[in-house]
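J.: Here is a sequence with its predicted model. Questions after.
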Amino acid sequence: MKPIIRSFAIGLLTATLIIGVFFYLTEEKSVDKSNLLSEEDMLDNLEDSGYFIYSEDMEQKLTEHVNKAKNEATEENDNEENHAPKLVYYNISIDRGMSVSDVASKLVEKEVISNENRLIEYLENEELSHHIQIGSFEIHNQMSIEEITNAITNP
């Protein structure tokens, strides 16, 4: 077993000597420094390739960006709220003997609907004009004709 280990050790020593001789005897090739990119050029190339470059002040920039986005969203919501019609609730009472046109004109009067004929036509087409209930109903000005019909009828 000793001769095998000695042979192996001599082989490793020989390989190391050969590699060392080639390393020290070969000339170093000079690097052409004119072709090297600056750090800024390298970063630009990486960003152009789609890589994300994290810099030290990135957290501050991200915080500023998030705050700016929140402010813009708040301003948009404020603008939408100012332009959006306000939701107004009305209490409509339907008495015994009122016709469909009476109910529709009451809803136009309260500005819940803009055209009483659309409500009348919808009730007649859906065969719900005879199902209008007597009572008091809470209706708001953003309800559709279908929603108003569902509120005041019981099919």
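T.: Here it is on my side, so go on.

J.: for the chain, what spans make up the helices?
T.: Secondary structure of the chain (DSSP state H): helices located at 2-25, 39-48, 58-83, 100-109, 116-125, 145-152.

J.: mind giving me CSV with these and columns for distance to residue 132?
T.: Every residue, glycine included, has its C-beta placed from N, CA and C. Listed next are the helices of the chain as CSV, based on distance: least, C-beta to C-beta, whole Å:
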stretch, distance to residue 132
helix 2-25, 101
helix 39-48, 68
helix 58-83, 34
helix 100-109, 6
helix 116-125, 8
helix 145-152, 6
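
J.: averaging pLDDT over each of these, which comes out lowest?
T.: Ranked by mean pLDDT, the helices of the chain bottom out at helix 58-83, with a mean of 74.

J.: can you pull the pLDDT of residue 30?
T.: 65.

J.: give me the beta-bridge partners of residue 139?
T.: As for beta bridges, residue 139 partners with residue 90 under DSSP bridges.

J.: number of nearby residues for it?
T.: Residue 139 has 19 neighbouring residues, counting by other C-beta atoms under 10 Å.
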